[in-house]
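okay, here's the prediction I keep looking at, along with the sequence it came from:
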Amino acid sequence: MSIIKRHENNPVLTKDDVPYSVATVHNAAVVKHQNQYIMIFRSHRLNGRSILGKAVSQDGFDFKVDPKPFMLPAETGIFAEYEKYGIEDPRITFIDGEYLITYSAYSKHGVRIGLAKTRDFKKIERFSLITQADYRNVVIFPEKFNGLYARLDRPHSEISPWSVWITYSPDLIFWGKSKLIMKPMQYHWDEMKIGPGVPPIKTNKGWLNIYHGVFPTMDGSVYRLGVALHDLEDPSKIIAVADEWILQPEEIYEITGYVHNVVFSCGAVAEDDGTLKLYWGGADKVMCAGTAKINDLVELCLSKPREALP
Ligand code: BMA
């Protein structure tokens, strides 16, 4: 039995649900805001570059897409220079009364991370570009540690496989104190690269980190999801990384699409009853949803761990 239960109506959102022209709907962040579920999803336009759309749901599964896109690449100012090739893979963290949206900004200079803020998902303010080039997958913790914001990030590396780092900031502009905290494991489902997925979820045993891991095959790379647990007070300390994945491409809409064999998550909602609603892109083409017990994910880390830094 799978630890993640796929929703019966998967895929829950596809390009056919979008009232403007797109080729895909995937890799969405989802948050609960004023008793509604807000989904900010990525779509490829028909020129191959990405934009962000917004959809709203009352139950977390049945979403209605806004008539217009939520965020397009910036046209003026410093952001325009770095978003020309599109904006991708949003993640959302609620902290100090506002939602922080991190996203990958693509341009001829490479990929770096932009940070935008909103309080109501109507007015958005682009705030800062928080990495240089060659970073993806930045998730911000929903609490500060010793007065500092903390993020998990994933710089590119040619020497060592792509790994998860932690970095801190006093103001969401200047970032430092970076440290490598988790690496892929050789000849393991995540041996090629790992990257943060869902912004960390607080549990009584630690911060739950749902990440993606990639394995190279003769038929291309396979993207799966895994879990790790970080210390509540010092999130640079990893308590345990689960040895087994929690989700892999199995359904037809995960096996084939825009890029085949991909499940990729940027968001989840932790409900008060201990259920997690998890969202993932299927084959970079559709949005899927499922549920899990948060305790089961925590227990998987604790009962079947592997080394964090092999
Ligand atoms: C990664 C990113 C993701 C994508 C994944 C699978 O490198 O581009 O947005 O879902 O590859 O194609």
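That came through, no problem. Numbers count the residues shown, from 1 in each chain.

for the rest of this, base every contact and every neighbour count on C-alpha atoms.
Will do.

can you list the residues of the stretch 151-300 of the chain near the ligand?
Counting by Cα under 6 Å from any ligand atom, the residues of the stretch 151-300 of the chain close to the ligand are 259, 262, 264, 284.

and those, which of them are in strands?
Phe264 (DSSP state E).

what about the residue nearest to Arg6 when sequence neighbours are not counted, distance to the ligand?
Nearest residue to Arg6 in three dimensions, chain neighbours excluded: Gly290, at 4.2 Å (Cα to Cα, 6 or more residues apart in numbering). For Gly290, the distance to the ligand equals 18 Å [Cα to the nearest ligand atom, to the nearest Å].

quick one: contacts for the residue in the stretch 51-200 of the chain positioned nearest to the ligand?
Ranked by Cα to the nearest ligand atom, the top residue of the stretch 51-200 of the chain for proximity to the ligand is Asp89, at 5.8 Å. Contact analysis of Asp89 by Cα atoms under 8 Å, 6 or more residues apart in numbering lists 27-29, 41-42, 103-104, 137, 266.

before we move on, back to that, make TSV from the residues of the stretch 151-300 of the chain next to the ligand and add distance to Phe79, pLDDT and neighbour count to it.
Converted to TSV, these look like this (distance: Cα to Cα, whole Å; pLDDT from 0 to 100; neighbours: other Cα atoms under 10 Å):
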residue	distance to Phe79	pLDDT	neighbour count
Val259	28	98	15
Val262	29	98	28
Phe264	26	99	30
Asp284	25	98	27
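
picking that back up, let me know the pLDDT of the residue of the stretch 51-200 of the chain closest to the ligand.
Per-residue pLDDT puts Asp89 at 98.

all strands for the stretch 1-150 of the chain, in order.
5-6, 26-33, 36-44, 50-57, 63-65, 86-95, 98-107, 110-118, 124-129, 135-140, 149-155 (DSSP state E, counting those that start in this stretch).

low-confidence ranges, the chain, go.
Nowhere does the chain drop to pLDDT under 70.

which helices and strands does the helix ranked longest in it pack with?
The longest helix of the chain (DSSP state H) is helix 294-303. With contacts taken as 3 or more Cα pairs under 8 Å, 6 or more residues apart in numbering; DSSP states H and E, helix 294-303 sits against strand 220-230, strand 238-242.

who's in contact with the spatially most central residue of the chain?
What sits nearest the mean C-alpha location of the chain, by Cα atoms, centre = their mean, is Cys266, with 2.2 Å. By Cα under 8 Å, 6+ apart, the contact list for Cys266 reads 27-30, 89-91, 197-199, 279-280.

what's around the residue nearest to Val227 when sequence neighbours are not counted, how many residues?
Closest residue in space to Val227, ignoring its immediate chain neighbours: Ile210 at 4.6 Å, by Cα to Cα, 6+ apart. Using other Cα atoms under 10 Å, Ile210 has 25 neighbouring residues.

residue of the stretch 101-250 of the chain nearest the ligand, please.
Tyr223 (6.7 Å).

test my guess that that residue contacts Gly213.
Yes: assessed by Cα atoms under 8 Å, Tyr223 is found in contact with Gly213 at 5.8 Å.

appreciated, that's everything.
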